[in-house]
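Q: Make a model of this:
(one chain, ligands or ions: 1)
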Amino acid sequence: MQINLDFRNSTCFILLITCLIYCVAVEAQPVDKSATKETSKLYNNLQLLAQRGTLFGHQDDMAYGVNWKYQHGRSDVRDITGQYPGVFGWELGGLENDALVNLDGVPFDSMKTYIRKAYEAGAVITISWHLNNPLTGKSAWDPSPTNTIPSILPGGEKNELFNTWLDKVGSFLQGLQSKNGTPIPVIFRPYHELNGSWFWWGGKNCTPIELIDLWKYTVAYLRDTKQIHQLLYAFNTDRFSSEAEYVERYPGNDWVDVIGFDIYQKGDILANDKFIAELDKSLSLLTKISTEKNKIPALTEFGFNTIPDAHWWTSVFLKAIKNHSIVYALAWRNAGLKADNEIEYFAPYKGHLSAGDFLLFSKQKKIFFEKRTKRLKLYQ
Ligand code: BMA
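A: I've put the predicted structure just below:
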């Protein structure tokens, strides 16, 4: 009798614990409690994906690549691997000034078409915004006055102007709908690389509290004022060296869905080992923080410009990420030769010296390109 009772008690105990774990797990919710069904599904599915693998992403993938622009169905990634990425990155810089094309020349109308196509193929969309400095009217890289943030928040001289910018971005995002009118979920990534001092919203150009206020204001404006319910919000630093540095400007768990950082390998291939060690360490820190905060961990931008190493994908990048649960990794854009005569590309193109290794990378069990991403049914 005694034994039976103990058994029953321990069974009850196990049931209780299981129930508690389950309740905590299902309770994880996006920042937007009124998120659309597809957005909530995406959020939950990305949370679960952390244990399974990493989606490969590429900025502006369908719009242009090295030595080509706007060719229907073309993608440097697909030219090599036979499939598109699993994540598509896009950029809104310029929309705030009613430009028809973004700061990298991508027409906003075409962007909408590409986004719809990607969503209908089951891929993930993430959007950044290199918005101009509303106080000076110059670019995002104009950090000169340190009072930009106070000037655009309520009571500031540029608050009304800034609201019109948020209205425009909000209308664009809200206009992203599938053919049957379903709002397309987007991981919105404003104010990125916020611990660096090259943008007006970052580093020494503002205080941590100012950035946090700006973050909360932006989320509340889009979610509550504009009633946009198809967004997940991504918070991301640049490279960082400690947990304290990472969380210094973190606005709090109620305001963030995805957490990540951007990192680029610099210099030549002799720096490979140093880069592997740094990326490995940063990913350990990031996933520790994401576990504590129950957020979706991602490598929000990465790359080694022109990839001068034939084996970089499997010997450097994969080596650094393979033991970490990051949900996606977004390679930056394949601009090719730019107007300023700089060359920039972070994914290879057909014929590039790392193309063979990239193909091998795309076949790794834990790396998801288009086809396996589609099978995950992330919106269901
Ligand atoms: C930078 C570079 C620039 C580009 C900007 C915004 O990293 O790629 O050429 O204009 O991002 O996309």
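
Q: what comes up buried for stretch 343-356?
A: Buried positions in stretch 343-356, judged by neighbour count with 16 or more other C-beta atoms under 10 Å: 344-349, 352, 354-355. Backbone N, C-alpha and C define where each C-beta goes, glycine included.

Q: pLDDT at the residue nearest in space to the middle of the chain, what is it?
A: The chain has Thr300 as the residue nearest its centroid, 4.2 Å off, counting by C-alpha atoms, centre = their mean. At Thr300, the model reports a pLDDT of 98.

Q: tell me the secondary structure for it?
A: strand (DSSP: H, G, I helix; E, B strand; the rest coil).

Q: For the stretch 101-250 of the chain, which segments count as strands?
A: Applying DSSP state E, counting those that start in this stretch to the stretch 101-250 of the chain gives strands spanning 124-129, 186-190, 231-237.

Q: mind checking which of the ones you listed is nearest Ser197?
A: Closest approach to Ser197 among the strands of the stretch 101-250 of the chain (C-beta to C-beta): strand 231-237, 12.2 Å.

Q: Need the residues that contact the closest one.
A: Residues outside strand 231-237 that contact it (C-beta atoms under 8 Å, 6 or more residues apart in numbering): 30-32, 35, 39, 42-43, 126, 173, 185-189, 192-196, 215, 219, 222-223, 245-246, 249-251, 255-262, 296, 298, 300-301.

Q: close to the ligand, is stretch 333-341?
A: Yes. Stretch 333-341 is in contact with the ligand by C-beta under 6 Å from any ligand atom, via 333, 335.

Q: buried ones in that stretch?
A: 333-336.

Q: And that stretch, how far out from the chain middle?
A: 22 Å (C-alpha atoms, centre = their mean, to the nearest Å).

Q: Model confidence for Asp268, exactly?
A: The model reports Asp268 with a pLDDT of 83.

Q: Just list the residues touching it, thanks.
A: Asp268 makes contact with Pro308 under the criterion C-beta under 8 Å, 6+ apart.

Q: let's go with 10 Å and repeat that
A: 304, 308-309 (C-beta atoms under 10 Å, 6 or more residues apart in numbering).

Q: I'd say Ile326 and Leu285 touch.
A: No. The pair Ile326 / Leu285 is not scored as a contact, 11.9 Å apart, by C-beta atoms under 10 Å.

Q: Who has more neighbours out of those two?
A: Neighbours per residue, other C-beta atoms under 10 Å: of Ile326 and Leu285, the larger number sits with Ile326, 21 against 17.

Q: Please enumerate the helices of the stretch 251-380 of the chain.
A: Counting by DSSP state H, counting those that start in this stretch, the stretch 251-380 of the chain has helices at residues 272-293, 312, 318-321, 355-362, 370-375.

Q: With respect to Lys168, which of the ones you listed lies nearest?
A: Lys168 sits nearest to helix 370-375 of all those, at 30.1 Å, using C-beta to C-beta.

Q: And for that closest one, what's in contact with it?
A: 49, 52-53, 55-57, 75, 77-78, 81-88, 118, 120-124, 328, 362, 365-366, 368.

Q: how about 8 Å then?
A: Outside helix 370-375, the residues that touch it by C-beta under 8 Å, 6+ apart are 55, 78, 83-87, 121-124.

Q: Which two of those residues have the greatest separation?
A: Using C-beta to C-beta, these span at most 16.4 Å, a distance reached by Arg78 and Val124.

Q: what about stretch 66-73, how long is it end to end?
A: Taking C-alpha to C-alpha, to the nearest Å, stretch 66-73 runs 15 Å from one end to the other.

Q: Would you mark the buried spots in that stretch?
A: Under 16+ other C-beta under 10 Å, the buried positions of stretch 66-73 are Val66.

Q: Could you confirm whether that stretch reaches the ligand?
A: No. Shown here: stretch 66-73 not in contact with the ligand (C-beta under 6 Å from any ligand atom), separated by at least 13.3 Å.

Q: so is Gln51 in a helix, a strand, or just coil?
A: coil.

Q: how many other residues sit next to it?
A: Number of residues near Gln51 (other C-beta under 10 Å) recorded here: 8.

Q: In contact with it, which residues are there?
A: Contacts for Gln51 were tallied using C-beta under 8 Å, 6+ apart; they are Ser325.

Q: circling back to that earlier point, out of the buried residues of stretch 343-356, who's near the ligand?
A: Among the buried residues of stretch 343-356, the ligand is touched by Glu344 when using C-beta under 6 Å from any ligand atom.

Q: Around the ligand, pick out the residues from the stretch 51-200 of the chain.
A: With C-beta under 6 Å from any ligand atom as the criterion, the stretch 51-200 of the chain meets the ligand at residues 91, 103-104, 130.

Q: show me where the stretch 101-250 of the chain has helices.
A: Secondary structure of the stretch 101-250 of the chain (DSSP H, counting those that start in this stretch): helices at 108-120, 148-152, 159-174, 208-220, 243-247.

Q: May I see the buried residues of the second one?
A: If you call a residue buried by 16+ other C-beta under 10 Å, then helix 148-152 has these buried ones: 148-152.
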